[in-house]
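Okay, sequence plus prediction incoming.
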4 protein chains.
Amino acid sequence: MFETPITVVGTVVTAPERRWVGDHQLIRFRVASNSRRRTADGDWEPGNSLYATVNCWGRLVTGVGAGLGKGDAVIVVGHLYTNEYEDRDGNRRSSSEIRATSVGPDLARCIASIDKRRHPEPAAQNTADGDDTGASSDGAAAEPDTDRGADLDDESGEVSAGLARSA
Amino acid sequence: MFETPITVVGTVVTAPERRWVGDHQLIRFRVASNSRRRTADGDWEPGNSLYATVNCWGRLVTGVGAGLGKGDAVIVVGHLYTNEYEDRDGNRRSSSEIRATSVGPDLARCIASIDKRRHPEPAAQNTADGDDTGASSDGAAAEPDTDRGADLDDESGEVSAGLARSA
Amino acid sequence: MFETPITVVGTVVTAPERRWVGDHQLIRFRVASNSRRRTADGDWEPGNSLYATVNCWGRLVTGVGAGLGKGDAVIVVGHLYTNEYEDRDGNRRSSSEIRATSVGPDLARCIASIDKRRHPEPAAQNTADGDDTGASSDGAAAEPDTDRGADLDDESGEVSAGLARSA
Amino acid sequence: MFETPITVVGTVVTAPERRWVGDHQLIRFRVASNSRRRTADGDWEPGNSLYATVNCWGRLVTGVGAGLGKGDAVIVVGHLYTNEYEDRDGNRRSSSEIRATSVGPDLARCIASIDKRRHPEPAAQNTADGDDTGASSDGAAAEPDTDRGADLDDESGEVSAGLARSA
């Protein structure tokens, strides 16, 4: 079966830790998501909470390392799995882990700005891909920008129509 | 049935447009996601593309308005629906639209930094909620920060154990 | 924040257990999802596994109770959360739980047939809704069938066009 | 970027059509999902609707062909993309399509029973995989059942503990 996709909208609750695993860098942090839901009376009540450990590899290491800290409002996209291990007392435990493919600050809850677009043009992007063995092995692929121009032209016409319609 | 949740990892392909709908501000843009997939030979080939119009209401207006532009690498989280309308020639058309609940730059493809955490403490957050009728009606609720301290203590122990294990 | 939506495609690995929680019936089972992924050589290798406890309330109790057993190929749709508890030795533990909103056999891995459509017409559906307090509180709402006829007419034309195109 | 995962919980609104595309069989149908949402007064109001064309390949053809018809309550899991085409009048149009990886009846809205488990044991499963070129190329892989026994033993203990706790 496929891996299980997941998106968690939550808060970074531990300082991201960076370390090496073999030849690859890894950044890990915990994310918490506390939900609330509307009752039959129209009030809000606290819902369930979700906690997971987020693992960032490859190109995510640079962006997450530069931009996120404990307390930040975050969107985490990736695949969910169960990590089974023994704790220091030999007890068998499990935790929810996410192998992240995309992570970003949640603009519904903070103000953020983009400092650097890493893939401004196709040529630069291809070079970056070649260097980035971590990312290429997990499929966090860059967009094939070569045909972007055509898409943009097509798309902009359609969007204009859509916006005009509801103006 | 529930609304259909979706997360799109893609690129902003039109300049975000801001306008008023009644008393509420709306920001709209188009997102494109071009996938690729690994073949039986281990090569990558272009996959399908997805285009959708993203509608940002409430608190997202501020963050998206301040931080995102055409060409940016973006994560869009929300609910997907079909917008049916007639174009200028009277033809019936439909487009995929997303009512966004969270949007952010994708740190796998750019460098971004958080300039302002809008909800630094519970008191401020509650006030913001009260002002923000757009957000409160669609459930893009803030986290109940009042019990954050306890979660953090609990969580940090668990995370330390997890990290220690694989060090 | 919203609850975290999740879909797990996996296998029922424990016999579903039915019991009463106050006035409501609950069916619980464990689901496992074992992924595999394609390597750079084009081979498949085992990926990570995911285990979760699935909680079925309201209208799901009837359908899951009648139709699913240990070993069955299943799709589970719902919201993911972390259940924190103390085990019999007083150790603090956590497990991944899903409050299911939809569950069904996976027709990619088994043959199943529908024995009974419970909501054949709007009148019957409304009655069922009134009886089903469990479902109505969590929003696992039935479709507003009253305008189904119009949708069908609209849709069928569009589908025909789509099919004709690629024939 | 990755393909965009999606799960639609809805209703089959056209009779599934089966045909050949080269050497592969395809089953196509339309799915509609009509949501409702709770208002600030605690009432339900109709939400947005989603329509998509569902494409079933490989092993799904058998299961969907045998088990689903127009009007059925369905769960569709797959990847979403935009299909751009010209209609009979030469107008450029687009539609939302899903390449399904798993499909099943929704036991929250119908009663279904499993007639045949197609992969009762690893040996049979491997043979089926070898025959099924359609499925193997899109990664709708079967579970590696060979180590299922061990998982079950591990898991059942944990589940018992979980159930005992809340009894």
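Right, received. Where do you want to start? Residues are numbered from 1 along each chain as shown, chains lettered A, B, ... in the order given.

Can you pull the poorly scored residue ranges out of chain A?
When residues are selected by pLDDT under 70, those of chain A lie in A:118-167.

Could you give the bridge partners of the residue nearest the centre of chain A?
Using CA atoms, centre = their mean, the residue of chain A that lies closest to the mean C-alpha position is A:Val103, 2.3 Å off. Taking DSSP bridges, one finds A:Val76 as the beta-bridge partners of A:Val103.

I'd say it and A:Ala73 touch.
No. Between A:Val103 and A:Ala73 there is no contact, the gap being 11.7 Å when judged by CB atoms under 8 Å. For glycine as for every other residue, the C-beta is placed from the backbone atoms N, C-alpha and C.

and stretch A:90-102, which residues are buried?
Taking 16 or more other CB atoms under 10 Å in any protein chain shown as the basis for neighbour counts, the residues of stretch A:90-102 that come out buried are A:93-102.

how about CSV for these, with distance to B:Tyr51 and secondary structure added?
Compiled in CSV, the buried residues of stretch A:90-102 are given as follows (distance: CB to CB, whole Å; DSSP: H, G, I helix; E, B strand; the rest coil):
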residue, distance to B:Tyr51, secondary structure
A:Arg93, 44, strand
A:Ser94, 39, strand
A:Ser95, 37, strand
A:Ser96, 33, strand
A:Glu97, 32, strand
A:Ile98, 27, strand
A:Arg99, 27, strand
A:Ala100, 25, strand
A:Thr101, 20, strand
A:Ser102, 18, strand
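
Out of these, which are close to chain B?
Checked against chain B using CB under 8 Å from any CB of the partner chain, the buried residues of stretch A:90-102 yield the following neighbours: A:95, A:101-102.

List the contacts of the residue nearest to the centre of chain A.
By CB atoms under 8 Å, 6 or more residues apart in numbering or on different chains, the residues touching A:Val103 are A:54, A:56, A:60, A:63-64, A:68, A:74-77, B:75, B:106-108.

A:Val74 too?
The contact partners of A:Val74, by CB under 8 Å, 6+ apart, come to A:9-12, A:31, A:68, A:103-106, B:104.

quick one: which of the residues you listed is nearest A:Arg88?
A:Val31 (23.9 Å; CB to CB).

State the phi and psi torsions of that closest one.
Phi and psi for A:Val31, reported as degrees, to the nearest 10, are phi -120, psi 140.

Chain neighbours aside, what residue packs nearest to it?
Counting by CB to CB, 6 or more residues apart in numbering or on different chains, A:Val31 lies nearest to A:Gly10, which is 4.6 Å off, once chain neighbours are set aside.

Name the SS class of that neighbour, please.
Following DSSP: H, G, I helix; E, B strand; the rest coil, A:Gly10 is assigned to strand.

and it, how many neighbours?
Neighbour count of A:Gly10, defined by other CB atoms under 10 Å in any protein chain shown: 27.

That one reaches C:Met1, doesn't it?
Yes. Judged on CB under 8 Å, A:Gly10 makes contact with C:Met1 at a distance of 6.4 Å.

so how far is stretch A:102-119 off the chain centroid?
Computed by CA atoms, centre = their mean, to the nearest Å, the separation of stretch A:102-119 from the middle of its chain amounts to 11 Å.

CA atoms only: put it into PDB for me.
Taking Å, rounded to 0.1, in the frame of the first residue of the first chain, the C-alpha atoms of stretch A:102-119 are listed here in PDB:
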ATOM      1  CA  SER A 102       6.900  20.300   3.000                       C
ATOM      2  CA  VAL A 103       6.800  22.500   6.000                       C
ATOM      3  CA  GLY A 104       6.000  26.200   6.300                       C
ATOM      4  CA  PRO A 105       4.800  28.900   8.700                       C
ATOM      5  CA  ASP A 106       1.000  29.200   8.800                       C
ATOM      6  CA  LEU A 107       0.000  32.600   7.500                       C
ATOM      7  CA  ALA A 108      -3.300  32.300   9.200                       C
ATOM      8  CA  ARG A 109      -1.500  32.700  12.500                       C
ATOM      9  CA  CYS A 110       1.700  34.700  11.800                       C
ATOM     10  CA  ILE A 111       3.300  37.100   9.400                       C
ATOM     11  CA  ALA A 112       6.200  35.700   7.400                       C
ATOM     12  CA  SER A 113       8.100  36.800   4.400                       C
ATOM     13  CA  ILE A 114      10.100  34.900   1.800                       C
ATOM     14  CA  ASP A 115      13.800  35.900   1.900                       C
ATOM     15  CA  LYS A 116      15.100  33.800  -0.900                       C
ATOM     16  CA  ARG A 117      13.600  31.800  -3.700                       C
ATOM     17  CA  ARG A 118      15.900  28.900  -4.200                       C
ATOM     18  CA  HIS A 119      14.800  27.900  -7.600                       C
END
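
quick one: buried residues of it?
Counting neighbours by 16+ other CB under 10 Å, one finds that the buried residues in stretch A:102-119 are A:102-112, A:114, A:117-119.

out of those, who's nearest chain D?
Each of the buried residues of stretch A:102-119 was scored against chain D by CB to the nearest CB, and A:Ser102 proved nearest at 8.2 Å.

which residue sits closest to the closest one in space, ignoring its chain neighbours?
With CB to CB, 6+ apart as the measure, A:Val77 is the residue that lies nearest to A:Ser102, at 4.2 Å, once sequence neighbours are left out.

For the one you found, give its distance to D:Thr4.
Noted for A:Val77: a distance of 10 Å to D:Thr4, by CB to CB, to the nearest Å.

same thing with A:Arg36?
On the measure of CB to CB, A:Arg36 and D:Thr4 end up 27 Å apart.

Tell me who's in contact with A:Arg93.
Contacts of A:Arg93 by CB under 8 Å, 6+ apart are A:84-87, C:93.

between those residues, which is closest to B:Asp23?
Minimum distance to B:Asp23 across the contacts of A:Arg93 is 48.4 Å, recorded for C:Arg93 (CB to CB).

Nearest residue to the residue of chain A most remote from its centre in space, ignoring adjacent ones along the chain?
Among the C-alpha atoms of chain A, the one farthest from their average position, using CA atoms, centre = their mean, is that of A:Asp41, at 35.0 Å. The spatially closest residue to A:Asp41, leaving aside those adjacent along the chain, is D:Gly42, at 5.0 Å (CB to CB, 6+ apart).

now that neighbour: how far from A:Gly42?
Per CB to CB, D:Gly42 is found 4 Å from A:Gly42.

what's the answer for A:Cys110, then?
A:Cys110 sits 28 Å away from A:Gly42, taking CB to CB as the criterion.

Let me see the domain layout of chain A.
When chain A is parsed with automatic domain parsing, its domains come out as A:1-116, A:120-167.

just the ones you listed: most buried one?
Ranked by mean neighbour count under mean count of other CB atoms under 10 Å in any protein chain shown, those are led by domain A:1-116, which reaches a mean of 20.

Show me the helices in chain A, by range?
Per DSSP state H, chain A has helices spanning A:59-67, A:122-131, A:133-138, A:148-166. These are given in chain order.

Name the nearest residue to A:Ser95, ignoring sequence neighbours.
Of all residues beyond its chain neighbours, the one nearest A:Ser95 is A:Asn83 (5.1 Å), with distances taken as CB to CB, 6+ apart.
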